[in-house]
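Colleague: I'd like to go over a predicted model; first the sequence, then the structure.
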Amino acid sequence: SPDLPEVAPPRIVKIGEAFAWQPRILVRDMRGLPVPGRKIMAFANPDSAWPIMGPSAITPNYDRRGQKVVELNCPESELSDNGGIARFTCLGVKSSNVDHV
């Protein structure tokens with residue numbers, strides 16, 4: 001089965017536009033063999049700094065930002081091919097309440 005190089009996520013995205021480079025995911029079974037016919041779902045990670053924990057959680061502060069919310073365009077890949085490669089075709093950020101994702 002093919003080895004795909006690790007690729008860093010895009011550093012700059014435009015809201016409402018597909019990423020210039022679309023991800024490819026190699027789907028393998030437990031034996032390392034390619035798995036055809038599977039879709040991959042992309043998602044945005046929730047904000048790991050929310051909810052606030054520790055001593056600062058009990059300190060009144062009305063200038064805290066809320067949970068990061070990101071909605072993706074086309075979060076579902078095409079079916080993986082016979083080599084186990086699932087390709088995204090139009091993945092991007094549809095909307096966000098933050099300037100970083």
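Modeller: Noted; the coordinates are in hand. Residues are numbered from 1 along each chain as shown.
Colleague: would you map the strands across the protein?
Modeller: 24-26, 70-73, 85-87, 92-96 (DSSP state E).
Colleague: output those strands in TSV, with mean neighbour count appended to each entry.
Modeller: Every C-beta, even on glycine, is put in place using the N, C-alpha and C of the backbone. Shown next, in TSV, are those (neighbours: other CB atoms under 10 Å):
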stretch	mean neighbour count
strand 24-26	17
strand 70-73	16
strand 85-87	18
strand 92-96	16
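Colleague: relative to residue 8, which of these is closest?
Modeller: strand 24-26 (14.1 Å; CB to CB).
Colleague: now do that closest one, average pLDDT.
Modeller: Strand 24-26 carries an average pLDDT of 92.
Colleague: same for it, what does it pack against?
Modeller: Applying 3 or more CB pairs under 8 Å, 6 or more residues apart in numbering; DSSP states H and E, one finds that strand 24-26 contacts strand 85-87.
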